[in-house]
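*Asks:* Here is a sequence together with a model predicted from it:
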Amino acid sequence: MNLGLNLVESRTISGVFEAVGSGIGCLGVVPIQNSLEGPVNETLDNLFSRRDVYVNRVIELGINLVLASVNGDRGFKRIYSHHHAIREVRRDVLNSLEAEVIPVESTSHAAMLASKDESGAAICSRVAAQLYGLKIIADGLQEDNNITKFGVISKELTRSGERTMLLATVPHRPGGLLKLLEAFYTEGINLTMIYSRPLRGLAWQYYFLLEFEGCLDEPNVARCLERLPAVSESVRICGSYPTQRLT
């Protein structure tokens, strides 16, 4: 099916944010969270620092990692992959490969590097292996229940959907985070994800990413958000969005 989209690969997550933020009518796809490895910090930090990019949809995708090389044999000396993917591979599989493991910016970049290295291989998706003409040596390398949440991002703030995401900072004193969370409890809003990340330039202080059920157009969500300025130092709404599970 031709969606009329011009697909452009980026070597890094930050590159996707930069392209979306500087373009008009651009969409990007970035990983947010993995069921085994937790949050993708580069994505969270870009959502916090870039005030012109929003999350419009979240897609949960079951991950199938493959081992692939140009020649399709096991005579490789190096394995390229993203550090998240490396940690998602079953330990017995990784230990059996007996090759140098080299972390790179993404699994697609790993496939590109392997396509130019006759002594190299990549741990990547089947799509990336096919895109770069690699032959698959083995598949199903990942641990069980390996699911990644991907966000579709754009410059448009969307207000409807099943869930909403925001980023906040709170006063650096006892009860700072508690008072933020009380606003959600008071309005009966269920949190589905919460992570903390360091604030650059402020040692041992953090910002928080929260995802919760409900959308910006719902009255209880609106009331909750009205409470937040009194108990936080900053709040950034990343948008409301539908979620979809693909297998």
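*Replies:* All right, it came through fine.
*Asks:* Could you report the pLDDT at L97?
*Replies:* As predicted, L97 sits at a pLDDT of 85.
*Asks:* V8 versus K149, what's the distance?
*Replies:* With distances defined as CB to CB, to the nearest Å, the gap from K149 to V8 amounts to 22 Å. C-beta coordinates here come from the backbone N, C-alpha and C atoms, glycine included.
*Asks:* whoops, I mixed them up, R74
*Replies:* For R74, the distance to V8 - CB to CB - is 33 Å.
*Asks:* which of these two has more neighbours?
*Replies:* Shown here are R74 and V8; by other CB atoms under 10 Å, R74 has more neighbours (14 against 11).
*Asks:* Show the secondary-structure elements that the lowest-mean-pLDDT helix or strand in the chain is packed against.
*Replies:* Least confident helix or strand of the chain, by mean pLDDT, DSSP states H and E, is helix 91-97 with a mean of 85. Under the contact definition 3 or more CB pairs under 8 Å, 6 or more residues apart in numbering; DSSP states H and E, helix 91-97 sits against no other helix or strand.
*Asks:* Now find how far off-centre it is within its chain.
*Replies:* Chain-centre distance of helix 91-97: 25 Å, with CA atoms, centre = their mean, to the nearest Å.
*Asks:* what about G201, how many residues close to it?
*Replies:* With neighbours defined by other CB under 10 Å, the count for G201 comes to 6.
*Asks:* how far away is it from H172?
*Replies:* Distance from G201 to H172, by CB to CB: 13 Å.
*Asks:* measure stretch 158-167 end to end?
*Replies:* From the first residue to the last, stretch 158-167 extends over 16 Å; the measure is CA to CA, to the nearest Å.
*Asks:* what does it contact?
*Replies:* Residues lying outside stretch 158-167 but in contact with it, judged by CB atoms under 8 Å, 6 or more residues apart in numbering, are 44, 47-48, 54-58, 192-193, 207-217, 221, 235-243.
*Asks:* How many residues are close by L181?
*Replies:* Burial measure for L181: 16 neighbouring residues, criterion other CB under 10 Å.
*Asks:* Who's the closest spatial neighbour of it, skipping the chain neighbours?
*Replies:* In space, and not counting its chain neighbours, L181 is closest to L191: 7.5 Å by CB to CB, 6 or more residues apart in numbering.
*Asks:* And the next helix or strand past the helix or strand where V20 lies?
*Replies:* If you go by DSSP states H and E, V20 is part of helix 13-22. As assigned by DSSP H and E, the chain's next helix or strand after helix 13-22 is strand 28-34.
*Asks:* is V55 in a bridge, and if so with what?
*Replies:* Here V55 sits in beta bridges with I153, going by DSSP bridges.
*Asks:* ok, it to V231 distance?
*Replies:* Per CB to CB, V55 is found 23 Å from V231.
*Asks:* hey, where'd the helices end up in this protein?
*Replies:* Listed in chain order, the helices of the chain (DSSP state H) span residues 13-22, 41-49, 83-88, 91-97, 107-115, 126-131, 176-186, 219-231.
*Asks:* So which of those is nearest V66?
*Replies:* Comparing these against V66 with CB to CB, the closest turns out to be helix 126-131 (5.3 Å).
*Asks:* Going by neighbour count, which residues in that closest one are buried?
*Replies:* Of the residues in helix 126-131, 128-129 count as buried by neighbour count, 16 or more other CB atoms under 10 Å.
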